[in-house]
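J.: return a 3D structure for these sequence lines:
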Amino acid sequence: MNAKELLRLIPKKYSDLQTEASLIRVFLEQNGLSHAAAGTMLSELQEKAVPEICQLLHTKASLTLPFLKSVLEEMVDLQERGKNGVVFTPDYIADYILEHTIASPCPPNARVIDPACGSGSFLLPAAEYLHRISGKPMREIISQHLYGIDISEDQTRRTRVLLTLLALLTDGTADRLSFHVATADSLACSWTDLFGCPDFDYIAGNPPYLNTHAISKKDTERLKKNFHTTRRGTFNLFYAFIEQSLRFLSERGALGFIVPNNYLSISSAEELRRLLNERRAVSMVIDFGENLVFEPVRTYSSLLFLNRRENHTIAYSMLEKSDDLPAALRCTVPCHTDAEHLNPAGWKFLSETERQNIKRIEEAGQSIGNQIKIGVATLRDNVYFLDGFDPQAGLFYKERGSLRYWIEPGAVRAIDKISEISDEAAMPGERKHILFPYTGEPDPKMPYRILEEEQLAFKFPLCYQYLIDCRPVLAARDKGKPNPVAWYAYGRSQGLNCRGPKLLFPMFSRRPKFLPEPDGEILFCNGYAITQGGRYPLEVLAKILNSDVMEYYVSRVSYCLKGDYKCYQKKYLRSFSIPEFSESEIRFLLSESSDEAINAFLFQKYRLLPE
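T.: Below you'll find the model as predicted:
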């Protein structure tokens with residue numbers, strides 16, 4: 001029986017505090033621990049225990065300390081988890097972080113702090129680790145070496161409870177046990193003032209993950225004012241936790257956090273990367289890649305290790321997809337990269353050979369950046385995308401509830417929804433149709449322009465009536481901001497004037513997937529296009545962009561999601577370049593059908609070094 005199943009058995013009429021008190025009483029009884037030795041805090045808490053719950057627990061559960069901790073964590077409600085960015089850390093992650101953060105032997109007066117301690121996910125294993133490497137009594141370790149802060153009073157109480165039980169299990173008594181566990185906002189207080197100490201030697205934990213949209217306006221303004229890493233645009237709360245931790249880390253100290261791995265590349269984390277670069281603070285990064293540490297929560301994770309020693313090299317490891325993450329983590333052997341090669345615009349941990357190969361790919365010739373275009377975005381696809389065509393009526397139609405709206409063919413265009421295209425052969429059958437309230441000249445060089453409302457109503461009255469009925473839905477786009485073009489215009493129209501043949505490619509794909517679309521009047525969305533305008537025809541570009549050279553490049557400059565899907569956003573592809581080809585080489589690329597032969601030729605053409 002797991003923690004969630006056990007809690008389902010407890011009648012909902014009882015409060016969390018009554019459940020918690022009953023758990024503690026049963027834990028003491030099942031583990032043969034003296035109530036008298038438990039100390040004042042546990043004695044007072046046990047007074048709230050409920051006989052019905054205690055009897056149920058004795059019947060259904062065998063309470064070990066790890067299991068009790070998981071039950072207390074499960075008691076944190078979903079609202080608090082979302083509000084405070086709470087994600088509970090697996091034991092093997094906490095153990096790995098602590099073992100690679102706290103020195104052994106440990107300095108005699110070392111202070112270890114978790115600034116978002118929750119119910120003790122790191123402080124409990126930290127106490128056990130210090131006890132193991134120092135031989136000191138558990139009460140001494142808890143009283144003199146451990147510090148914790150959490151914004152939730154329930155969580156800090158549970159941390160003190162679990163540390164007390166740990167002392168009882170290890171030392172047989174909780175006599176003369178004291179705590180440095182405070183209920184406070186770690187980002188709004190001085191940790192040294194809070195505990196009356198100069199600094200902290202080891203900082204370990206799992207800081208909360210909250211994006212700007214989940215933070216109040218008042219707190220956002222405070223964070224922008226007080227932290228460099230959160231002063232611009234959108235950000236994540238853990239950026240500020242890292243910056244705050246560095247303020248209180250001792251000169252000899254070290255830090256180990258588990259955080260989302262997107263900080264390695266996303267633009268909102270550039271100030272964080274810049275700060276860590278300038279201080280040469282990074283000592284090691286373990287990237288879990290597409291593995292989900294907190295499954296089913298879809299957060300892609302990494303371990304970040306920092307110190308104050310101006311690191312010139314950084315240890316780095318990317319874990320392959322594994323069904324046994326604890327074993328994969330234990331067995332990983334990091335490689336080392338020069339800290340000088342980390343760019344605040346985005347970190348890529350590459351070997352010297354990989355770095356040289358990426359440089360050769362990017363400097364081989366003209367880059368494709370100017371040829372990459374983004375598709376249209378309606379911001380309400382359920383309004384603009386149509387359901388079908390009725391050949392008898394000669395009209396397109398759209399179902400809304402019990403109503404069927406008819407749409408004139410002149411107000412409709414075909415569109416490739418790139419994210420739903422399976423392969424080149426299936427493109428015609430997977431093509432969709434979209435409302436098109438625009439007009440333009442036959443010349444593909446001329447841009448489309450929005451139809452004036454009077455023109456739209458006169459030329460396409462059926463379409464216009466449908467849009468009128470959808471106007472409240474369209475008005476809600478972009479958080480209610482008025483569309484500067486027209487209330488019925490697409491939300492984003494950058495790709496509207498991308499006329500002419502093109503190569504379409506999705507934002508996420510396992511392999512390079514550049515698909516030719518010869519019909520220049522077909523729109524596209526949910527992806528990108530390579531347009532004409534470069535030195536070579538699209539047929540040549542397709543051979544290059546679908547090759548193993550592109551696969552090699554993207555796998556090293558982009559990032560990976562579950563299922564081995566790699567990100568093909570423009571910012572990762574824009575520096576990919578096309579070398580100069582002779583006429584005979586162009587003929588070879590156009591005529592050769594063997595992928596193996598094309599890949600061998602291109603690896604040689606780009607002068608890529610073997611690894």
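
J.: so, low pLDDT: which residues of the protein?
T.: Scanning the chain for pLDDT under 70 picks out 36-37, 77-87.

J.: and the longest helix for it?
T.: Assignment by DSSP state H gives helix 153-171 as the longest helix of the chain.

J.: show me which residues of the next helix or strand after that one are buried.
T.: Once helix 153-171 ends, the next helix or strand along the chain (criterion: DSSP states H and E) is strand 181-183. Within strand 181-183, the residues that count as buried by 16 or more other CB atoms under 10 Å are Val181, Ala182. Just so you know, the C-beta spots here come from the backbone N, C-alpha and C atoms, and that holds for glycine as well.

J.: ok, now stretch 264-283?
T.: Going by neighbour count (16+ other CB under 10 Å), the buried part of stretch 264-283 is 264-266, 268-273, 275-277, 280-283.

J.: restricted to helices, list those residues.
T.: Glu270, Glu271, Leu272, Arg273, Leu275, Leu276, Asn277.

J.: isn't the last one right next to Gly346, touching?
T.: No - Asn277 sits out of contact with Gly346 when judged by CB atoms under 8 Å, with a separation of 11.5 Å.

J.: quick one, longest strand in the chain?
T.: Looking across the chain with DSSP state E, the single longest strand is strand 249-260.

J.: chain center to that one: distance?
T.: Here strand 249-260 is found 20 Å from its chain centre; the criterion is CA atoms, centre = their mean, to the nearest Å.

J.: can you tell me how far the residue in the chain sticking out farthest from the centre is from Ile149?
T.: The C-alpha centroid of the chain is most remote from Gln392, which lies 49.3 Å away (CA atoms, centre = their mean). Gln392 sits 70 Å away from Ile149, going by CB to CB, to the nearest Å.

J.: try Cys189
T.: Counting by CB to CB, the gap from Cys189 to Ile149 is 8 Å.

J.: of those two, which one has the most company?
T.: Counting neighbours by other CB atoms under 10 Å for Cys189 and for Ile149 shows that Ile149 has the greater number, 23 against 14.

J.: which ones are touching the more buried one?
T.: Going by CB atoms under 8 Å, 6 or more residues apart in numbering, Ile149 touches 113-117, 156, 181-184, 186, 189, 191, 194.

J.: would JSON lines of the residues you listed with distance to Tyr553 be doable?
T.: Shown next, in JSON lines, are these (distance: CB to CB, whole Å):
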{"residue": "Ile113", "distance to Tyr553": "42"}
{"residue": "Asp114", "distance to Tyr553": "40"}
{"residue": "Pro115", "distance to Tyr553": "39"}
{"residue": "Ala116", "distance to Tyr553": "38"}
{"residue": "Cys117", "distance to Tyr553": "42"}
{"residue": "Thr156", "distance to Tyr553": "48"}
{"residue": "Val181", "distance to Tyr553": "49"}
{"residue": "Ala182", "distance to Tyr553": "49"}
{"residue": "Thr183", "distance to Tyr553": "49"}
{"residue": "Ala184", "distance to Tyr553": "47"}
{"residue": "Ser186", "distance to Tyr553": "40"}
{"residue": "Cys189", "distance to Tyr553": "46"}
{"residue": "Trp191", "distance to Tyr553": "44"}
{"residue": "Leu194", "distance to Tyr553": "49"}
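
J.: out of those residues, which comes closest to Gly39?
T.: When the contacts of Ile149 are ranked by distance to Gly39 (CB to CB), Val181 comes first, at 14.4 Å.

J.: how far away is the closest one from Val76?
T.: Val181 is 16 Å from Val76, by CB to CB.

J.: repeat for Ile421
T.: The value you get for Ile421 to Val76, if CB to CB is used, is 43 Å.

J.: repeat for Gly495
T.: To Val76, Gly495 is 44 Å away according to CB to CB.

J.: for Ser216, same thing?
T.: Remark: distance between Ser216 and Val76 (CB to CB) = 20 Å.

J.: who's more crowded, these two?
T.: Using other CB under 10 Å as the criterion, Ser216 and Val76 rank with Val76 on top: 19 against 9.

J.: strands of the stretch 201-350 of the chain, residue ranges please.
T.: 249-260, 282-287, 301-307, 313-318, 335-338 (DSSP state E, counting those that start in this stretch).

J.: quick one: end-to-end distance for stretch 371-384.
T.: 27 Å (CA to CA, to the nearest Å).

J.: over to stretch 134-142?
T.: 13 Å.

J.: contacts for it, please.
T.: Contacts with stretch 134-142, where a contact means CB under 8 Å, 6+ apart, come from 105-106, 127, 130-131, 163, 166-167, 170-171, 173-179.

J.: from these, keep the buried residues only.
T.: Among those, those that count as buried by neighbour count (16+ other CB under 10 Å) are 106, 127, 130-131, 163, 166-167, 170-171, 173-174, 177, 179.

J.: any chance of those residues in TSV, plus distance to Ser509?
T.: Formatted as TSV, those follow (distance: CB to CB, whole Å):
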residue	distance to Ser509
Cys106	48
Ala127	47
Leu130	47
His131	50
Leu163	48
Leu166	49
Ala167	54
Thr170	52
Asp171	57
Thr173	61
Ala174	57
Leu177	56
Phe179	52
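
J.: now, which of those residues sits nearest Leu63?
T.: Nearest to Leu63 among these, counting by CB to CB, is Leu166 at 13.6 Å.

J.: and the closest one, how far from Ala110?
T.: Distance, Leu166 to Ala110, by CB to CB: 18 Å.

J.: my read: His35 touches Ile24, true?
T.: No - counting by CB under 8 Å, His35 stays clear of Ile24, with 10.0 Å between them.

J.: tell me, what's touching these two both at once?
T.: With CB under 8 Å, 6+ apart as the test, His35 and Ile24 both reach Leu42, Gln46.

J.: more neighbours: which of these two?
T.: For His35 versus Ile24, neighbours defined as other CB under 10 Å are more numerous around Ile24 (25 against 12).
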